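Engineer: What would the 3D arrangement of this be:
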Amino acid sequence: MTETATLDRPAAVKTEHVDVLIVGAGISGVGGAYHLKEQCPGKSFVVLETLESFGGTWLQHKYPGIRSDSDLYTFGYRFKPWVGAPIASAEEILKYMGEVIDENDLAGHIRYRHRIDAARWSSADNLWTIEATRLDTGEALRFTANFLWMCQGYYRQSKGYTPEWPGMTDFKGPIVHPQTWPQDLDYKDKRVIIIGSGATAATLAPAIAPDSAHVTVLQRSPTYFIPGRNANDLADTLRDIEIDETWIHEIVRRKILKDQAMFTQMAFDQPEFVKQELLNGVAAFVGEEEVAKNFTPTYRPWRQRIAFVPGGDLFEGIKAGKASVVTGEIDRFVANGIQLKSGEVLEADIIVTATGFDLNVLGDIAFFIDGEPLDFAQTVTYRGMMFTGVPNMVWVFGYFRASWTLRADLIGDFVCRLLNHMDKKGVASVEPTLRAEDADMPLGSWIDPENFNPGYLLRGMHLLPKRGDKPEWAHTQDYWAERSALPAIDLDGPEFKYAGAGVKNAIAAE
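Structural biologist: A predicted model of the protein is given here:
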């Protein structure tokens, strides 16, 4: 794509200027708006959202039973107490986010149905120019911003990832992806195959099994699950003795984070012990034979996300005969279902492809730096949130082994501290730059696949920025280190290059 092609717009398009432009009104974008109001009260800002309302994932996904797979004491914002069950439905999460917007007067800053088409940085003006389209009217819009805060997530909202299998056109029933679930899909008394073994399949199967004739979860290989009560005993005890909800939120949050840190470290230090404990938890519902057959992964714990199954509802469905799990590889689709490479045919009226996300990079927006197209794969990430050669921009990319929002809050603090620091210095732009000691640093993929390897990341790794072998130049995925490291970042360190009027830092002076 050329820059000229993206600028084919009426000359009279009105330009609106803000200090900060936030992309996306999901969990990260709404949190970012809150932090800006609280920590940078003098900054003007706008949030542009493609969908018709706030919520991101929790608005886009409408399949039956959709719920969090992270506890809401840590997935919720640190500044807004969570008062419900730890694992929440999409409806409950949207209600919570709506309260954050209302309680902090954020609604006036959010523009829905605004799609960003291109973003251009000008070093001469120290500005981003954003070309957007208002989807409800087709109107072309233009914004300028001093700073761009990318909170759009990491996957393509318009469609999920579905592999191409032979014979898909031969199947006589509907093939649907949970991300674009048809609201009129009738699965009552129907045989349903759900392809996939992650949190989506584990959520969807028990939600539709009571009304379906039967649900078969078809997986190529097993995954880990943690069944348990959807309750927090500590929170309930503190409520019984009438502790304030703000205190409860903080106390329970800290306890969960401590427990998660211990569990994560143990998964590295004693993987076989952790594996057996996880398998024992599932065996308590379905028995040792079923665990050996369909619930024993070949990888060590935490190389992929571990889904929490509240009340063990997936396994209760298996015990009741309403659901089953089959481990095998697909050979092809046939008219009445799916034929496996073993020769077995699984019959179905509906096939659901719970096969993951279609990863995109920074919202599929065309980026240009001083007229040149930007290829993020040629940049090096600064702590998984900034990029070499890209001024005045931060991307929120959360954690896989901890709640996404934990990092959104940490980055919110960092962005606000950086903006206030730039004002104090009297500078107009900042970008991360490799230091002299980084000259021969080996570069690798965005995430170390030996450490974490979900399919959607592996498929799109070539599109993502590079990482180095030092904490400054990697997304470490370690909340327990970053909660101390990010607030301690020296904003006058040699990895930051400032420019614009009134530059005072020693590096620029040299």
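Engineer: Now do the phi/psi pair for A107.
Structural biologist: With angles defined as degrees, to the nearest 10, A107 sits at phi -60, psi -40.
Engineer: cool, the one 4 residues further on as well?
Structural biologist: Torsion angles at R111 (phi, psi; degrees, to the nearest 10) stand at phi -110, psi 120.
Engineer: Excluding covalently adjacent residues, which one is nearest to it?
Structural biologist: Distances taken as Cβ to Cβ, 6 or more residues apart in numbering put L48 closest to R111, at 5.4 Å, once the chain neighbours are dropped. Every residue, glycine included, has its C-beta placed from N, CA and C.
Engineer: Equivalent analysis for L148, please.
Structural biologist: Closest to L148 by Cβ to Cβ, 6+ apart is M393, at 4.4 Å.
Engineer: Would you confirm that the one you found contacts M386?
Structural biologist: Yes - the criterion here is Cβ atoms under 8 Å, and M393 meets it with M386 at 6.9 Å.
Engineer: Neighbour count: these two, which is higher?
Structural biologist: Taking neighbours as other Cβ atoms under 10 Å, M393 and M386 compare with M386 leading, 25 against 22.
Engineer: pretty sure G460 contacts L362?
Structural biologist: No - the pair G460 and L362 does not pass the contact test of Cβ under 8 Å, sitting 11.9 Å apart.
Engineer: And the two? Which one has more around it.
Structural biologist: L362 (25 against 19).
Engineer: Can you give me the distance of that one to Y155?
Structural biologist: 12 Å (Cβ to Cβ, to the nearest Å).
Engineer: Also D438?
Structural biologist: 30 Å.
Engineer: again with K293
Structural biologist: K293 is 32 Å from Y155, where distance means Cβ to Cβ.
Engineer: for A284, same thing?
Structural biologist: For A284, the distance to Y155 - Cβ to Cβ - is 34 Å.
Engineer: These two: which has the busier surroundings?
Structural biologist: Y155 (19 against 12).
Engineer: Angles on the backbone of the nearest residue to the more buried one once chain neighbours are set aside, please.
Structural biologist: Spatial nearest neighbour of Y155, chain neighbours left out: F357 (3.5 Å); criterion: Cβ to Cβ, 6+ apart. Torsion angles at F357 (phi, psi; degrees, to the nearest 10) stand at phi -90, psi 160.
Engineer: how about F357, what does it touch?
Structural biologist: 154-156, 160-161, 179, 456 (Cβ atoms under 8 Å, 6 or more residues apart in numbering).
Engineer: nearest to L491, of these?
Structural biologist: Nearest to L491 out of the contacts of F357 is Y154 (Cβ to Cβ; 26.2 Å).
Engineer: That closest one and A213: what is the separation?
Structural biologist: Counting by Cβ to Cβ, the gap from Y154 to A213 is 36 Å.
Engineer: Those two - which one has more neighbours?
Structural biologist: Shown here are Y154 and A213; by other Cβ under 10 Å, Y154 has more neighbours (19 against 14).
Engineer: surely that one meets L359?
Structural biologist: Yes - under the criterion of Cβ under 8 Å, Y154 makes contact with L359 at 6.0 Å.
Engineer: helices or strands up against the longest strand belonging to the chain?
Structural biologist: When the chain is parsed with DSSP state E, its longest strand is strand 139-150. Applying 3 or more Cβ pairs under 8 Å, 6 or more residues apart in numbering; DSSP states H and E, we find strand 139-150 packed against strand 15-23, strand 127-134, strand 393-395, helix 404-425.
Engineer: quick one, that strand and strand 15-23 angle?
Structural biologist: Interaxial angle, strand 139-150 versus strand 15-23 (axes from the mean of the first three to the mean of the last three Cα atoms, to 10 degrees): 50 degrees.
Engineer: Strand 139-150: partners in the sheet, and parallel or antiparallel?
Structural biologist: Applying DSSP bridges to the sheet, strand 139-150 is found paired with strand 15-23 (parallel), strand 127-134 (antiparallel), strand 393-395 (parallel).
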